[in-house]
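Student: Build me a structure from this.
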Amino acid sequence: MNDKYDYIVVGSGSAGCVLANRLSANPATKVCLIEAGGSDQSLRVRVPAGILSLYGNPNYDYCYFGVPQPQLNGRRIPVNRGKALGGSTSINSMVYIRGAAADYDEWASLGCAGWSYDDVLPVFKRLERNLLNQDSRYHGTEGELLVDNPRDPNELSRMFVAAGKEAGLPENIDFNAASQFGVGIYNVTQDRGQRFSAFTAFVRPVLDRPNLTVLSECSVETILVSDKRVTGVSIRHKGTHTTLKATREVVLSAGAINSPQILLESGIGPAEELRRVGISPVHDLPGVGKNLQDHVDGMITVRSSSPRTLGLSVANLPRILAAPYSYFARRKGMLTTNYVEAGGFARTRHARAEPDIQFHFVPGYRSHRGRLVEYGHGYAIHTCVLRPKSIGEITLARDGSSTTARIDHRFFSDEQDAQVLVEGIKIARAIFASSVFDEVRGIEMLPGKDVRSDDEILAYLRAEALTVYHPVGTCKMGDDAMAVVDPKTLKVRGLEGLRVADASIMPKLIAGNTNAPSMMIGQRAADMILES
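Tutor: Residues are numbered from 1 along each chain as shown. Below is the predicted model:
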């Protein structure tokens, strides 16, 4: 391992892997990609259905929890974030969604010139290798990121689409084209039924570049700053403390939790807050850690006796026993599922022009007790608020001699989010009430048949709502006093040699899953660096 590089990229997730690829394309440029987690070379990562063994597993997940949420009965909400090569793309559901055109136009209107939909669409197309012959006005075929359909969707996923149509929603065969509205089977980032993470797409093919160093099991402790210029990072690599120098730049791509945490622990952030936890301010930047947004989510889960759904049962034993052969011989069967094969976007009565809720349909039983695996069969639907008004923050808490990230979503602190989610649950129930589901009809376990009124649904959500793990915004770009990075460069304001490029720079949460938009941000950052 060298101790000096031109560029140090912190985090091997969606954005960081794109950056490492692009910056190391010049053989004269030395690049180091740092990842706190370990290897992604495991069947539980590569096989889509292995996702159930990744959430909450400290070998692959940071296993964060938020602070108690006053509007959610004081509950602490789990915050799953990937901790392995590939970051969260090694543990996510592989759904390929970019967000709505209006999202990016809103960014531009908030002082982020150059980030409108017309600006970012060519970047999405450049990254994508679409295998579905979808509309070339919206899709690319020459990029590294494979986009495909699920190999073998469960028949209930098709039933969900049919039920959505019966409930008045159109079928949408491409959520990344002209409109998100409607229901359909989600596109996924997979290669013939195998997870295709950011690391698989952008880094693994170029690991033989002598100018690219990848350090796994390596944690950044602080960023080194001298006279308002970042010179490198202090790290702990496999138990050893050392420093790495960056002759040009350090780029933080550690995600919406870890990027602000690293800045704060380095003395970069709100000065008074830093002093309160015993950190000497190096650079007073009030917006670091603020503006946290995420998709709050409510679930309906139905227990059915039908073995046509995914599940553990004696009746399903033949399919379970055949699953390894089906997968490894033909890339078919139960192991190909990403569990959220279908879904879509709808409008509640609170929506304006764009959908304000998203569905993730699960063709298997989601435990009413919160277990990852529950015996038996059923199906479930997750409904999330796409454009939340509740804003939280990341701060530091002192734990003895060290600090930890204090994650406060402040879910439902804006009452409209609660109202939207109550209406979303009603729409989800209308889909499940369709005659299409009659042949697999079961008992609604959550919220339960007796939970009918708005007040009862809201009480249920306060007791059970979670998140779909799309945190953004904590190092936002913009031109106001709380902006952390310049939208034209993604440079941290007031410092030289430091940029942030990941979901934390989003000024507003996009309507959908955040993997693809984070890759787009990584590409934009690489272009900015190379052009300068």
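Student: Correct me if wrong: residue 87 contacts residue 258.
Tutor: No - between residue 87 and residue 258 there is no contact under C-beta atoms under 8 Å: 9.5 Å. For every residue, glycine as well, the C-beta is placed using N, CA and C.
Student: Looking at these two, which one has more neighbours?
Tutor: Neighbours were counted for residue 87 and for residue 258 using other C-beta atoms under 10 Å; residue 87 has more, 32 against 27.
Student: anything in contact with each of residue 87 and residue 258?
Tutor: Shared between the contact lists of residue 87 and residue 258 (criterion: C-beta atoms under 8 Å, 6 or more residues apart in numbering) are residues 11, 81.
Student: Spell out the residue ranges of the helices in the stretch 301-450 of the chain.
Tutor: All helices of the stretch 301-450 of the chain, identified by DSSP state H, counting those that start in this stretch, fall at 317-330, 415-432.
Student: same deal with the chain?
Tutor: Secondary structure of the chain by DSSP state H: the helices cover 14-23, 43-46, 101-109, 117-127, 155-166, 198, 255-265, 271-276, 317-330, 415-432, 454-464, 515-531.
Student: In terms of secondary structure, what does the fourth one contact?
Tutor: Pointing back at helix 117-127 there. helix 101-109, helix 515-531 (3 or more C-beta pairs under 8 Å, 6 or more residues apart in numbering; DSSP states H and E).
Student: can you pull the buried residues of the longest one?
Tutor: Within helix 515-531, the residues that count as buried by 16 or more other C-beta atoms under 10 Å are 515-526, 528-529.
Student: what angle sits between that helix and helix 101-109?
Tutor: Helix 515-531 and helix 101-109 are oriented at 40 degrees to each other (axes from the mean of the first three to the mean of the last three C-alpha atoms, to 10 degrees).
Student: Let's test this: mean pLDDT of helix 515-531, rounded?
Tutor: On average, the pLDDT along helix 515-531 is 98.
Student: low pLDDT regions in this structure?
Tutor: The chain contains residues with pLDDT under 70 at 1.
Student: Now do the strands in the stretch 201-350 of the chain.
Tutor: Assigned by DSSP state E, counting those that start in this stretch, the strands in the stretch 201-350 of the chain fall at 212-215, 218-226, 229-237, 240-252, 268-269, 283-284, 290-292, 296-304, 311-312, 342-346.
Student: can you put these in a markdown table and add mean neighbour count and distance to residue 64?
Tutor: Formatted as a markdown table, those follow (neighbours: other C-beta atoms under 10 Å; distance: least, C-beta to C-beta, whole Å):
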| stretch | mean neighbour count | distance to residue 64 |
| --- | --- | --- |
| strand 212-215 | 20 | 22 |
| strand 218-226 | 19 | 15 |
| strand 229-237 | 19 | 19 |
| strand 240-252 | 19 | 18 |
| strand 268-269 | 28 | 19 |
| strand 283-284 | 18 | 25 |
| strand 290-292 | 24 | 12 |
| strand 296-304 | 23 | 16 |
| strand 311-312 | 19 | 28 |
| strand 342-346 | 26 | 25 |
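Student: mind checking which of the helices and strands packed on helix 117-127 is nearest residue 212?
Tutor: With C-beta to C-beta as the criterion, residue 212 lies closest to helix 515-531 of the helices and strands packed on helix 117-127, at 13.5 Å.
Student: What helices and strands are in contact with the closest one?
Tutor: By 3+ C-beta pairs under 8 Å, 6+ apart, helix 515-531 packs against helix 14-23, helix 117-127, strand 240-252, strand 498-500.
Student: nearest to residue 302, of these?
Tutor: Across those, residue 302 has its closest neighbour in helix 14-23 (32.9 Å, C-beta to C-beta).
Student: and that closest one, what does it pack onto?
Tutor: By 3+ C-beta pairs under 8 Å, 6+ apart, helix 14-23 packs against strand 4-10, strand 31-34, helix 198, helix 515-531.
Student: Nearest to residue 289, out of these?
Tutor: strand 4-10 (16.4 Å).
Student: partners of the closest one in the sheet?
Tutor: strand 31-34 (parallel), strand 240-252 (parallel) (DSSP bridges).
Student: hey, C-alpha coordinates of the first one in CSV?
Tutor: Output in CSV follows, covering the C-alpha atoms of strand 31-34 (Å, rounded to 0.1, in the frame of the first residue of the first chain):
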residue,chain,number,x,y,z
VAL,A,31,-6.4,6.6,-7.3
CYS,A,32,-7.2,5.0,-4.0
LEU,A,33,-10.8,3.7,-3.3
ILE,A,34,-11.5,3.1,0.4
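Student: just to revisit the earlier point, make CSV out of the helices and strands packed on helix 515-531 and add distance to residue 342.
Tutor: Shown next, in CSV, are the helices and strands packed on helix 515-531 (distance: least, C-beta to C-beta, whole Å):
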stretch, distance to residue 342
helix 14-23, 23
helix 117-127, 22
strand 240-252, 35
strand 498-500, 34
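Student: related to what we said a few turns ago, with distance to residue 105 as added columns, please give the strands paired with strand 4-10 in a markdown table.
Tutor: What follows is those, written out as a markdown table (distance: least, C-beta to C-beta, whole Å):
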| stretch | distance to residue 105 |
| --- | --- |
| strand 31-34 | 32 |
| strand 240-252 | 26 |
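Student: Mind checking those for the one nearest to residue 333?
Tutor: strand 31-34 (34.8 Å).
Student: chain center to stretch 18-27, what's the gap?
Tutor: Stretch 18-27 sits 23 Å away from the centroid of its parent chain (C-alpha atoms, centre = their mean, to the nearest Å).
Student: Which stretch among the helices and strands packed on helix 515-531 approaches residue 81 most closely?
Tutor: Closest approach to residue 81 among the helices and strands packed on helix 515-531 (C-beta to C-beta): helix 14-23, 11.8 Å.
Student: any idea of the angle that closest one forms with helix 515-531?
Tutor: Going by the same axes, to 10 degrees, helix 14-23 makes 30 degrees with helix 515-531.
Student: so what's residue 167 up against?
Tutor: By C-beta under 8 Å, 6+ apart, the contact list for residue 167 reads 427, 430-431, 433-434.
Student: Distance check, it against residue 243.
Tutor: Counting by C-beta to C-beta, to the nearest Å, the separation of residue 167 from residue 243 is 58 Å.
Student: now do residue 490
Tutor: For residue 490, the distance to residue 243 under the criterion C-beta to C-beta works out to 24 Å.
Student: With respect to residue 222, which of the strands paired with strand 4-10 lies nearest?
Tutor: Checking these against residue 222 by C-beta to C-beta gives strand 240-252 as the closest, at 9.5 Å.
Student: And that closest one, how far out from the chain middle?
Tutor: 26 Å.
Student: Ok, stretch 8-20 next?
Tutor: Stretch 8-20 sits 15 Å away from the centroid of its parent chain (C-alpha atoms, centre = their mean).
Student: Dump that stretch to PDB, restricted to CA.
Tutor: What follows is stretch 8-20, C-alpha atoms only, in PDB (Å, rounded to 0.1, in the frame of the first residue of the first chain):
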ATOM      1  CA  ILE A   8      -8.700   9.400  -2.600                       C
ATOM      2  CA  VAL A   9     -12.300   8.300  -2.900                       C
ATOM      3  CA  VAL A  10     -14.000   7.400   0.400                       C
ATOM      4  CA  GLY A  11     -16.800   4.800  -0.100                       C
ATOM      5  CA  SER A  12     -17.300   2.100  -2.700                       C
ATOM      6  CA  GLY A  13     -21.000   2.500  -3.100                       C
ATOM      7  CA  SER A  14     -23.100   3.800  -6.000                       C
ATOM      8  CA  ALA A  15     -21.100   7.000  -6.600                       C
ATOM      9  CA  GLY A  16     -17.700   6.000  -5.300                       C
ATOM     10  CA  CYS A  17     -17.300   3.100  -7.700                       C
ATOM     11  CA  VAL A  18     -18.200   5.300 -10.700                       C
ATOM     12  CA  LEU A  19     -15.600   7.800  -9.600                       C
ATOM     13  CA  ALA A  20     -12.900   5.200  -9.000                       C
END
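Student: if I look at residue 112, how far off is residue 356?
Tutor: 22 Å.
Student: How about residue 480?
Tutor: To residue 356, residue 480 is 25 Å away according to C-beta to C-beta.
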